[in-house]
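A.B. asks: here's my sequence, what's the structure:
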Amino acid sequence: MTTVTSDDWRPALAPAILLRRDRVRSTDLLVLPERVVVLSGRAGAIVRLCDGGHSVPEIVGELSERFPGAPVATDVPVFLDRLRAEGWLR
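C.D. replies: Numbering: from 1, shown residues only. Prediction:
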(Lines give C-alpha, C1' and ligand atoms only; values in the text may rest on other atoms or scores of the structure.)
Protein backbone atom coordinates (compact mmCIF):
# COMPACT_ATOMS: atom_id res chain seq x y z
CA MET A 1 0.00 0.00 0.00
CA THR A 2 1.27 3.44 -0.90
CA THR A 3 1.38 6.04 1.83
CA VAL A 4 -0.28 9.34 0.98
CA THR A 5 -0.05 10.83 4.45
CA SER A 6 1.07 14.44 4.50
CA ASP A 7 3.24 15.83 7.27
CA ASP A 8 0.68 18.49 8.18
CA TRP A 9 -2.28 16.11 8.55
CA ARG A 10 -3.50 15.99 12.15
CA PRO A 11 -5.68 12.88 12.21
CA ALA A 12 -8.77 12.72 14.39
CA LEU A 13 -11.54 10.16 14.70
CA ALA A 14 -14.52 10.80 12.46
CA PRO A 15 -17.45 12.31 14.40
CA ALA A 16 -19.53 9.10 14.58
CA ILE A 17 -16.61 6.94 15.82
CA LEU A 18 -15.61 6.33 19.44
CA LEU A 19 -12.51 4.69 20.89
CA ARG A 20 -13.36 2.53 23.89
CA ARG A 21 -11.43 0.15 26.12
CA ASP A 22 -12.94 -3.29 26.70
CA ARG A 23 -11.64 -4.02 30.18
CA VAL A 24 -12.97 -7.58 30.18
CA ARG A 25 -10.96 -8.53 27.09
CA SER A 26 -8.14 -6.02 27.68
CA THR A 27 -8.42 -4.64 24.17
CA ASP A 28 -9.31 -1.40 22.45
CA LEU A 29 -12.39 -1.02 20.27
CA LEU A 30 -13.55 1.40 17.64
CA VAL A 31 -17.28 1.79 18.06
CA LEU A 32 -18.89 2.67 14.73
CA PRO A 33 -22.52 3.01 13.81
CA GLU A 34 -23.87 -0.53 13.69
CA ARG A 35 -20.53 -2.30 14.26
CA VAL A 36 -17.48 -2.60 16.46
CA VAL A 37 -13.88 -3.02 15.30
CA VAL A 38 -11.46 -4.77 17.64
CA LEU A 39 -8.02 -3.15 17.56
CA SER A 40 -5.15 -5.57 17.97
CA GLY A 41 -1.60 -5.05 19.13
CA ARG A 42 -0.64 -1.42 19.63
CA ALA A 43 -3.37 -0.05 17.34
CA GLY A 44 -5.17 1.52 20.30
CA ALA A 45 -2.03 3.42 21.29
CA ILE A 46 -1.84 4.83 17.77
CA VAL A 47 -5.52 5.78 17.60
CA ARG A 48 -5.38 7.46 21.03
CA LEU A 49 -2.90 9.95 19.57
CA CYS A 50 -5.33 10.77 16.74
CA ASP A 51 -6.88 13.67 18.60
CA GLY A 52 -6.56 16.35 15.93
CA GLY A 53 -3.69 17.93 17.83
CA HIS A 54 -0.82 15.66 16.80
CA SER A 55 0.61 15.63 13.28
CA VAL A 56 1.62 12.30 11.78
CA PRO A 57 5.35 13.01 12.39
CA GLU A 58 4.55 13.85 16.03
CA ILE A 59 2.59 10.61 16.41
CA VAL A 60 5.47 8.65 14.89
CA GLY A 61 7.97 10.40 17.16
CA GLU A 62 6.00 9.71 20.33
CA LEU A 63 5.43 6.06 19.42
CA SER A 64 9.11 5.63 18.51
CA GLU A 65 9.99 6.72 22.04
CA ARG A 66 7.42 4.37 23.60
CA PHE A 67 8.34 1.36 21.45
CA PRO A 68 12.07 1.52 20.64
CA GLY A 69 13.09 -0.71 17.76
CA ALA A 70 9.55 -1.08 16.39
CA PRO A 71 9.07 -0.16 12.70
CA VAL A 72 6.93 2.82 13.67
CA ALA A 73 8.15 5.21 10.95
CA THR A 74 7.06 2.86 8.17
CA ASP A 75 4.05 1.11 9.69
CA VAL A 76 2.16 3.91 11.43
CA PRO A 77 1.60 6.19 8.40
CA VAL A 78 0.34 3.21 6.38
CA PHE A 79 -2.00 2.21 9.23
CA LEU A 80 -3.34 5.77 9.50
CA ASP A 81 -3.91 5.90 5.75
CA ARG A 82 -5.92 2.68 5.96
CA LEU A 83 -8.09 4.11 8.74
CA ARG A 84 -8.63 7.27 6.71
CA ALA A 85 -9.57 5.22 3.63
CA GLU A 86 -12.18 3.41 5.75
CA GLY A 87 -13.60 6.80 6.73
CA TRP A 88 -12.70 6.36 10.39
CA LEU A 89 -10.23 9.25 10.51
CA ARG A 90 -10.58 12.76 9.19
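
A.B. asks: which residues in the protein form helices?
C.D. replies: 43-48, 56-66, 72-86 (DSSP state H).

A.B. asks: list the helices and strands the first one packs on?
C.D. replies: So the one you mean is helix 43-48. strand 18-22, strand 27-32, helix 56-66, helix 72-86 (3 or more C-beta pairs under 8 Å, 6 or more residues apart in numbering; DSSP states H and E). Heads up, the C-betas are built off the backbone N, CA and C, glycines and all.

A.B. asks: show residues contacting that helix.
C.D. replies: Outside helix 43-48, the residues that touch it by C-beta atoms under 8 Å, 6 or more residues apart in numbering are 13, 19, 21, 27-28, 30, 39, 59, 63, 66, 76, 79-80, 83.

A.B. asks: which of these are buried?
C.D. replies: The neighbour-count test (16 or more other C-beta atoms under 10 Å) marks 13, 19, 28, 30, 39, 59, 63, 76, 79-80, 83 as buried among the contacts of helix 43-48.

A.B. asks: and stretch 10-18, how far from the chain's centre?
C.D. replies: 10 Å (C-alpha atoms, centre = their mean, to the nearest Å).

A.B. asks: then stretch 36-52?
C.D. replies: 4 Å.

A.B. asks: ok, stretch 24-33 next?
C.D. replies: For stretch 24-33, the distance to the chain centre is 13 Å (C-alpha atoms, centre = their mean).

A.B. asks: then stretch 73-90?
C.D. replies: 7 Å.

A.B. asks: this completes my enquiry, with thanks.
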